[in-house]
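Chemist: Predicted coordinates and the sequence they were generated for:
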Amino acid sequence: MLKIECPWCGERDQEEFQYGGEAHIVRPERPDTLTDEQWADYLFNRANTKGVHAEQWCHGAGCRRWFNVLRDTVSYVIVAVYRPGENPPGGGE
Amino acid sequence: MSTARRLQRGGLIDRSRRIRFSFNGKDYFGHPGDTLASALLAQGVRIFGRSFKYHRPRGIVGAGAEEPNALVQVGEGGFSTPNLKATQVELYEGLTARTVNGWPNLAFDIGAINNRLSRLLPAGFYYKTFMWPRSAWMRYERHIRRAAGLGHAPSLPDPDHYDKRHAHFDVFIAGGGPTGLTAALGAARAGARVLLVDEQTQLGGSLLFSPVLIGGRTGIEWIAELEAELRSFPEVTILSRSTVTGYYDHNFLVVNQRRTDHVGPGQAEPRLTRERLWRVRAKQVVIATGAIERPLVFDANDTPGVMLGSAVSTYIRRYAVSPGRSGAVFTNNDSGYQSALDMASAGMEVRAIVDVRKRPGADVLAAVSTYDIPIYQGYAVPSVQSGLQGLKRIEIAKLSPCGEDIVSHKGLVDCQVLAISGGWSPAVHLHSQSGGRPRYDALKACFVPGRPVQAERSAGACAGSFTLTACLREGADAGISAAAQSGWPGGYVDIPAVEESVQAPLQPFWEVPAGALSGNGVKKFLDFQNDTTASDIRLAAREGYRSIEHVKRYTALGFGTDQGKLGNINGLAILAKTLGKSPGEVGTTTFRPNYTPVTFGTVAGRTLGEQLFDPVRKTAIHAWHVRRGASFENVGQWKRPWFYPRDGEDMHAAVNRECLATRNGVGVLDASTLGKIDIRGPDAARFLNLLYTNNWDNLQPGRCRYGFMLGEDGMVMDDGVTTCLAPGHFLMTTTTGGAAAVLTWMERWLQTEWPDLKVYLTSVTDQWSVMSVAGPCARTVLQRVGCDLDLGGDAFPFMSMQVGQVAGIPARISRISFSGELAFEISVEANQGLALWETIMVAGRDYDITPYGTESMHVLRAEKGYVIVGQDTDGSVTPMDLGMDWIVSKKKDFIGKRSLSRSDTERPNRKQLVGLKTQDPSRVLPEGAQLVNSRQEAQPVPMIGHVSSSYFSANLGRSIALALVKGGLSRMGGTIYAHLMDGSVVPATICEPVFFDPENQRGKS
């Protein structure tokens, strides 16, 4: 079980959180102008990263806020947590 | 029963007290300090069970968690626990135990016929034979499992309680042997908060059966001294009889503490739970789990009387039991010689030490030289012979210089016990579970921990260090550095002087060649519990299996309750040799939690029964429903009245009555469970526009609107009515089951995608009691109840909301209707709900006001063709599929809109919602029934749809159904067939899904 640091509440057990999948997938400004392929890419295609992965988590049993986590999908080490709208530390993404 | 095997002196048992117990219905006794295994060995019991596949008699092999054979069911009734290892069961007065595998009894075993047929039962036999035809496995499996047998789950409720505890520690130490003890001392002296977990009854590990002196004291004295100091630290916790069963991510460890099993049922302090599951977060972990001795692999090495050398020493030194009158040793390393010394000191006649090495260690040779024991250097035991009581004699043969072949037969030696030692396998289980990858150390011929992935370090024997001096030193260093890295520097331990012999290297020796005694049916066992033999591994390799993970599954190597603690390394080494690889290249199988089995009671803890597993939610009016005799159904976590049967009514009769009463008079429904989300902020309407498919810009205060919420994939996710309470203030209702998910969904969009929107969400589901008064008499009844509003159709039109008072209670009243009738939905503060409900029931008495449940609600809405999300939709249905294009805005964007114009969502032949009328109006289709085009068709018959809702409508006097049918909207009036499970075929006519009042005259009236 992971230990996750909520940016607002601090370090808590994973069981207080919900996983939200890959982070930084921006909803297209004008979906109606996209081709089926472009829309499908936004809708379905995910990076499936081996290594450091930016993902969304929600502190559902706590402050109920969403935030971003950089987590290594091999070692499960959490490299960083940061709030929505903030850039990942280390200038990634 | 004879106690001839009990030694007169020594051991850690209390001879002044006797403990009576029974084993397979026979009475025995032992002493405090005994295990079930040691007490039975002391009384001459040699056969403990039958093997899984060949049903060969089996005896004790080990002395702890590695024991594969002596599995017992302990205790009676609800207290009973299956598949315990007799080597770990402590005695208590009146204990009853039975072998789990020996039906009908140990002496005569029906399954033993498998032993004679064994050449017909190779690896994968069951898969190869019984899986064809596939369906037949169902028939065979029951009988095979019965013949195999592994204990019985108790059928009575468990009378005991179990609990869980969460804890945090600086330094977590797994294992309380010499390594773990010095680690704990080093960390404790630094001031760290320490948890020391040990599996056994008392601390000490290998010191409990070792003769080595530590700083001039016996191991037992040294343990006592250390334990006393450790217990003096307030921040040190010591858990005995506790197993670290799992090591998970981020230094999360699970410990199974057995608190009362050693005193027996009903004997513990009443407030003590039987077992406790510790869920621990540790800053640093020290793994000091020791090593498990490996068997040697030769013909009939499963004969009762063949035991691990360390187990022989344990029974003699710790339990004061000599496992036989005469013994021999077969070893490839120095530790076998200690078993010979222990046997000799216990008065056993030691008739041979057979060492595969040419050159054993000088120290151990000197040590045994005081006894007159023949030593065979460069020899092996290729086979053994047994009698009724187990081992009778062993064969000794000379090995070729490289050890690959037998050169000559030396002779036979009679003995009752053969102590075997094939070297030691470090218990790398926890390291592996933590994410580490054990690596093969060719010099030591074992897997040792690899690079740590988490904040852990292994020390002592589990790291491949097999001398006591190294264990003490490494333990101290590990404890001190773990404490320092968790913020507590300054720990120290003075390592006492230890006099131990210098060890000569072992000679890897994975399999003994067949000897002169071996007949055709050579069986060299690797996994005793699953009867996996060396030739099974070779067969698997011949049949093309290369990965150890596949070979494991094909041969069942390591599948037993001992999880391959004894046999896996030998198995993979033999596979490696067969494949021409090194053991390191083949690698180990993955070690997964749990290290040893954990009872279900411990896993469940206090989270038992309906009340605790999932919270039960009840409305404020629940008690009234109960008094009225309602049947309830679960909707999400909510208990909702399903129907209210009167005397003698079945569900069908009750629902018919409720539906008729609502259409013809007045009914009332407790609608409190619908999800309610309060939405506020200047951008609330903008946000609703993004969430819902229809337009929300123009909804005025006091007006209500129905909305569909889609996933971004365009599929219907939730629905409900949202009311504008004031500019920038809305109240959304969601489905009962979807409330939490919808709130989370909305929050996610607001927080991550549109943080600029000024909108705030609050769940108010539990704050309001909601009742829907529906039917032609609803208005009259509400007027009788007393309402300060003009309830007339003009002053209070359909789909509007007003705030007023009902029976003097402040209320929000909405004219919305899920039944299609004139209806007023009244919301009051939850704590006023029951009072208002009772007032309404009294006021409506003259109109025969009828409470109705969810079943009638479903019938009434189906008559109107209103869908239920999750029943008539399944995550693959768009609003267009439901024929509800009108609710989808063409102008604005909303979540899921773009997906509605994908090629798949625009396909004409999608499943679409239609009504169905069975041609026999009394025939009600089962929900879920598959629909096809004709009565008789060539197989495979194309499925063109399914029934999603189906009821008998008392109002229409016939059955009605809603169905999703491919291209259904263009098939109105056509006939379709439902093929039912009983073989009957029911024809039905496709129709519009609205069966009743299509103009909605009644709802608007």
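Modeler: Nice, thanks for sending it over.
Chemist: What parts of chain A come near chain B?
Modeler: A:1-3, A:13, A:18, A:20, A:26-27, A:30-32, A:34, A:36, A:39-40, A:43, A:56, A:58, A:60, A:64-66, A:75-76, A:78, A:84-85 (C-beta under 8 Å from any C-beta of the partner chain). (C-beta placed from N, C-alpha, C; glycine too.)
Chemist: what's around the residue in the stretch 301-450 of chain B positioned nearest to chain A, how many residues?
Modeler: Proximity of the stretch 301-450 of chain B to chain A (C-beta to the nearest C-beta) peaks at B:Gly435, 6.6 Å away. Number of residues near B:Gly435 (other C-beta atoms under 10 Å in any protein chain shown) recorded here: 19.
Chemist: helix or strand for it, which one?
Modeler: Following DSSP states H and E, there is no helix or strand that holds B:Gly435.
Chemist: My guess is it contacts B:Val453. True?
Modeler: Yes - with contact defined as C-beta atoms under 8 Å, B:Gly435 counts as touching B:Val453 (3.7 Å).
Chemist: what do those two both touch?
Modeler: A:Ser75 (C-beta atoms under 8 Å, 6 or more residues apart in numbering or on different chains).
Chemist: average model confidence for the longest helix that chain B contains?
Modeler: Secondary structure of chain B per DSSP state H: the longest helix is helix B:468-485. On average, the pLDDT along helix B:468-485 is 98.
Chemist: pLDDT score assigned to the residue of the stretch 301-450 of chain B closest to chain A?
Modeler: pLDDT at B:Gly435 comes out at 93.
Chemist: again, but for B:Asn909
Modeler: For B:Asn909, pLDDT reads 93.
Chemist: got the contact list for it?
Modeler: B:966-967.
Chemist: Okay, and it sits in which element?
Modeler: Assigned by DSSP H and E, B:Asn909 falls within no helix or strand.
Chemist: ditto for B:Thr662
Modeler: Per DSSP H and E: helix B:651-664 holds B:Thr662.
Chemist: For the following helix or strand past that helix, which strands pair with it and how are they oriented?
Modeler: Using DSSP H and E, the helix or strand that directly follows helix B:651-664 along the chain is strand B:667-670. Under the criterion DSSP bridges, strand B:667-670 sits next to strand B:768-774 (antiparallel), strand B:850-851 (parallel) in its sheet.
Chemist: Following element in sequence after the shortest one, please.
Modeler: In other words, strand B:850-851. That would be, after strand B:850-851 and using DSSP H and E, helix B:854-863.
Chemist: Please apply the same query to the longest one.
Modeler: Of the helices and strands lying after strand B:768-774 in sequence (DSSP H and E), the nearest is helix B:778-785.
Chemist: Against which helices or strands is that next one packed?
Modeler: strand B:823-829, helix B:833-843 (3 or more C-beta pairs under 8 Å, 6 or more residues apart in numbering or on different chains; DSSP states H and E).
Chemist: next one: the following helix or strand past that helix to chain centre, how far?
Modeler: Beyond helix B:778-785 in the direction of the C-terminus, DSSP H and E gives the next helix or strand as strand B:801-806. Per C-alpha atoms, centre = their mean, to the nearest Å, the displacement of strand B:801-806 from the mean C-alpha position of its chain is 52 Å.
Chemist: What of stretch B:309-320?
Modeler: 35 Å.
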